[in-house]
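Colleague: predicted model follows, preceded by the sequence.
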Amino acid sequence: MTTAVGPASAAPEKINRDQVLSISDKKTAEWTPIGGFQVQLRYGTYDGSQYGWAKLDNFPADRQGAIWLETSSDGGSNWVTRSIYSTTVSVFTEGVQTRSDSSFVMRACYRGPETNKWCTDKW
């Protein structure tokens, strides 16, 4: 008797924040300073696939704003918001799977109460 083997399951496009926390090989790809803190584009490997996410480092607890991850499939001409959180909820986002396609890029962004938007360089 033979057993049929189905196709390997593809890695999920998005991982949740608990899964991001479990990544042991976290690295910073890009970062932008904002006063005494910074918005970072981080990446690492989860279950054999690479993911990127946005993170605020040294973020003051009394400050408010939003942190999010944007991706672009055309090298950065057009951006899509992929994961966004109020900083009262989290200082990092869910992870989005990276791609080897050179036209696919991502960046991390933050907007504070003063309405300025800061983003890292694309990666």
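Modeller: Structure's in. What do you need?
Colleague: would you point out which residue is most central in this protein?
Modeller: Nearest residue to the geometric centre of the chain (C-alpha atoms, centre = their mean): Trp53, 1.5 Å.
Colleague: I'd like the distance between that one and Glu114.
Modeller: 24 Å (C-beta to C-beta, to the nearest Å). Every residue, glycine included, has its C-beta placed from N, CA and C.
Colleague: what do you get for Pro12?
Modeller: Pro12 sits at a distance of 36 Å from Glu114 (criterion: C-beta to C-beta).
Colleague: neighbours around the residue nearest to Ile15 when sequence neighbours are not counted, how many?
Modeller: Distances taken as C-beta to C-beta, 6 or more residues apart in numbering place Gly95 nearest to Ile15, at 4.3 Å, with adjacent residues excluded. If you count neighbours by other C-beta atoms under 10 Å, Gly95 ends up with 29.
Colleague: hey, what's Tyr46 bridged with?
Modeller: Counting by DSSP bridges, Tyr46 is bridged to Ser49.
Colleague: so it touches Thr98, yeah?
Modeller: No. Look at Tyr46 against Thr98 with C-beta atoms under 8 Å: they stay out of range, at 11.0 Å.
Colleague: about what we covered before: Pro12 and Glu114 - which one has more neighbours?
Modeller: With neighbours defined as other C-beta under 10 Å, Pro12 and Glu114 compare such that Pro12 has more, 15 against 6.
Colleague: return the distance of the closest residue to that one other than its chain neighbours relative to Pro60.
Modeller: Leaving out its chain neighbours, the residue that sits closest to Pro12 by C-beta to C-beta, 6+ apart is Gln97, at 7.2 Å. Here Gln97 is placed at a distance of 31 Å from Pro60 (C-beta to C-beta).
Colleague: with Thr28 instead?
Modeller: To Pro60, Thr28 is 20 Å away according to C-beta to C-beta.
Colleague: the more surrounded of those two?
Modeller: Of the pair Thr28 and Pro60, Thr28 is the one with more neighbours under other C-beta under 10 Å, namely 15 against 11.
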